[in-house]
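**Student:** Using only what follows, build the 3D model:
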Amino acid sequence: MSVDESCVRAGDKPVDNPTDLAAEYPIVEVFHSVQGEGYHAGIPHVFVRFGNCNLRCEWCDTDFLTFKTMNAIDLLGEISNFDCKRIIFTGGEPMLQDLWPLHRLLKARGYTLSVETNGTIEVPEGLLDWICVSPKDQMYPDVKLRQRTGDELKCVFIGQDLSMYDELRQGFKHNFLQPCYMELESVEWNGKNFAETEAIVKQNPQWRLSLQTHKWMGVD
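**Tutor:** Got it, this is the predicted structure:
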């Protein structure tokens with residue numbers, strides 16, 4: 001695809017910086033789906049899933065080491081195929097990337113930008129419209145959490161004492177607890193985790209229950 005053709009597909013914005021258009025990213029997939037968990041559950045988004053991560057969580061369901069390198073102009077072309085103005089940057093760990101070129105290109109086209117991050121890399125001020133931090137300190141207690149404020153805190157429950165989040169919770173508007181779902185485990189095993197998490201939320205009303213409803217539906 002030529003630069004001119006991709007610019008037309010992306011909205012024919014002549015003010016685009018050529019350096020921004022040439023920025024390269026490791027991309028696992030770009031897809032249009034309904035957010036299945038957390039505060040925006042039920043709302044359609046375009047998911048941009050980046051490769052690479054600085055952590056290795058045992059419950060991760062993404063092969064983030066298998067990706068293709070895409071420049072921003074081709075990425076814009078894929079995103080513009082979908083009639084949706086909400087973007088979620090996810091991974092892997094999206095904050096390993098310089099997202100400013102995509103910020104400038106997408107905001108110029110009226111997109112709302114969200115991120116799902118493990119919080120180990122600080123999010124630059126003004127980069128994103130919605131910050132969801134899903135800390136992994138229940139698995140990596142020695143890894144420093146650098147992003148301690150945002151819109152949504154979403155913690156995977158594996159039996160940890162929730163008091164570990166007492167201070168962190170204060171930096172977020174919405175606090176979610178999500179049962180650990182393991183695809184290779186049995187229905188009974190996962191069902192027990194769901195029941196335990198639901199019971200914990202009832203005992204701790206400062207938390208809301210988050211469920212990965214997209215997995216029940218069999219969609220990404």
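**Student:** how about the helices of this protein, start to end?
**Tutor:** 3-10, 18-22, 72-79, 100-107, 166-169, 187-203, 213-217 (DSSP state H).
**Student:** looking at these, which is closest to V143?
**Tutor:** helix 166-169 (13.6 Å; Cβ to Cβ). Where you see a C-beta, it was placed from the backbone N, CA and C, and this is true even at glycine.
**Student:** So which bits of the closest one are buried?
**Tutor:** L168 (16 or more other Cβ atoms under 10 Å).
**Student:** ok, and what's touching it?
**Tutor:** P135, L145, R148, L153, N175, Q206 (Cβ atoms under 8 Å, 6 or more residues apart in numbering).
**Student:** Need the max-distance pair from those residues.
**Tutor:** Across the contacts of helix 166-169 (Cβ to Cβ), the longest gap, 18.8 Å, separates L145 and Q206.
**Student:** if we can go back for a sec, same list (the helices of the chain) but as CSV, adding mean pLDDT.
**Tutor:** Below are these laid out as CSV (pLDDT from 0 to 100):
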stretch, mean pLDDT
helix 3-10, 47
helix 18-22, 97
helix 72-79, 97
helix 100-107, 98
helix 166-169, 96
helix 187-203, 83
helix 213-217, 53
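**Student:** Would you mind finding the most buried of those helices?
**Tutor:** Highest mean neighbour count among the helices of the chain (mean count of other Cβ atoms under 10 Å): helix 72-79, with a mean of 21.
**Student:** Is G171 in contact with R148, as I believe?
**Tutor:** Yes. Using Cβ atoms under 8 Å, G171 is in contact with R148, at 4.9 Å.
**Student:** So which of the two has more stuff around it?
**Tutor:** R148 (15 against 12; other Cβ atoms under 10 Å).
**Student:** That one contacts G119, doesn't it?
**Tutor:** Yes. With contact defined as Cβ under 8 Å, R148 reaches G119; the gap is 7.4 Å.
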